[in-house]
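Visitor: Following is a predicted model, sequence given first.
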Amino acid sequence: MAVAVGGLVSLPGWASSWNRAGIPSGQSFLAPNADALLAEVVEVIIPTTDTPGAKALGVHTFIQKIVTDCMEPSAQESLTKGLTAVEALAQKTYSKSFASLDAAQKTELLKTVSQSTEPDQKGFFSMVKGMTIQGYMTSEYVMNNITHYEFVPGRYHGCVPVVAKNSTSKNQQNK
């Protein structure tokens with residue numbers, strides 16, 4: 001019962017938006033080069049257009065935090081192995097690192113990973129894509145500037161003057 005009450009109390013905090021400053025900068029489980037690779041992968045999934053892309057909003061940091069704090073250690077391993085596989089496939093296919101590929105090559109490479117017959121690669125891409133969309137859509141920027149999310153619908157404006165429209169004309173008509 002206490003766990004249920006605790007979950008309900010913390011729910012408003014999880015339902016609100018997040019920003020990069022709100023994620024504590026602790027020790028990442030990914031090496032710096034893997035972190036940069038994850039940033040490139042999320043940017044391919046949601047690129048910068050007239051709005052910031054996933055990389056600019058720090059979605060890769062959000063993904064690492066969720067995988068570290070909320071998922072089993074096997075998810076960390078899956079993320080690490082998936083990023084290694086993406087980099088290896090880029091080297092094998094284009095003889096370049098994933099980060100140095102152009103946008104079309106990156107997209108084609110991730111499409112190959114998503115359609116792979118290997119369950120690890122397909123699972124990696126599904127996990128990263130889902131968390132990228134979740135992280136992007138719940139980011140502070142998107143919730144404030146694109147979806148105009150209101151945490152509590154229907155505002156209460158306490159001290160608002162009430163102006164009756166056509167009250168004199170209605171009174172005259174009733175006479």
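Guide: Done, it's in. Numbers count the residues shown, from 1 in each chain.

Visitor: alpha carbons only for contacts and neighbour counts from here, please
Guide: Fine.

Visitor: Residue 137 - nearest residue in space that isn't next to it in sequence?
Guide: residue 143 (6.9 Å; Cα to Cα, 6 or more residues apart in numbering).

Visitor: How many neighbouring residues does that neighbour have?
Guide: The criterion is other Cα atoms under 10 Å. On that basis, residue 143 has 17 neighbouring residues.

Visitor: repeat for residue 109
Guide: Residues near residue 109, counting by other Cα under 10 Å: 19.

Visitor: just residue 150 next, same as before
Guide: Neighbour tally, residue 150, other Cα under 10 Å: 11.

Visitor: Then residue 32?
Guide: As a burial measure, the neighbour count of residue 32 was computed by other Cα under 10 Å and equals 10.

Visitor: contacting residues around it?
Guide: Under the criterion of Cα atoms under 8 Å, 6 or more residues apart in numbering, residue 32 has no contact partners.

Visitor: Could you rerun that using 10 Å?
Guide: By Cα atoms under 10 Å, 6 or more residues apart in numbering, residue 32 lies in contact with residue 38.

Visitor: Buried residues of the host helix or strand of the residue nearest to residue 137, list them for me.
Guide: Counting by DSSP states H and E, the secondary-structure element that holds residue 143 is helix 140-145. Counting neighbours by 16 or more other Cα atoms under 10 Å, one finds that the buried residues in helix 140-145 are 140, 141, 142, 143.

Visitor: Quick check: which element contains residue 122?
Guide: Using DSSP H and E, residue 122 sits in helix 119-137.

Visitor: Only C-alpha atoms, please: export that helix in PDB.
Guide: Taking Å, rounded to 0.1, in the frame of the first residue of the first chain, the C-alpha atoms of helix 119-137 are listed here in PDB:
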ATOM      1  CA  PRO A 119      17.000  -9.900 -32.700                       C
ATOM      2  CA  ASP A 120      19.700  -7.900 -30.700                       C
ATOM      3  CA  GLN A 121      20.100  -5.300 -33.400                       C
ATOM      4  CA  LYS A 122      16.300  -5.000 -34.000                       C
ATOM      5  CA  GLY A 123      15.700  -4.800 -30.300                       C
ATOM      6  CA  PHE A 124      18.400  -2.100 -29.900                       C
ATOM      7  CA  PHE A 125      16.900   0.000 -32.600                       C
ATOM      8  CA  SER A 126      13.300  -0.400 -31.300                       C
ATOM      9  CA  MET A 127      14.400   0.600 -27.800                       C
ATOM     10  CA  VAL A 128      16.400   3.600 -28.900                       C
ATOM     11  CA  LYS A 129      13.700   4.800 -31.300                       C
ATOM     12  CA  GLY A 130      11.000   4.500 -28.700                       C
ATOM     13  CA  MET A 131      13.000   6.200 -26.000                       C
ATOM     14  CA  THR A 132      14.000   8.900 -28.500                       C
ATOM     15  CA  ILE A 133      10.400   9.700 -29.300                       C
ATOM     16  CA  GLN A 134       9.400   9.600 -25.600                       C
ATOM     17  CA  GLY A 135      12.300  11.800 -24.600                       C
ATOM     18  CA  TYR A 136      11.700  14.300 -27.400                       C
ATOM     19  CA  MET A 137       8.000  14.600 -26.900                       C
END
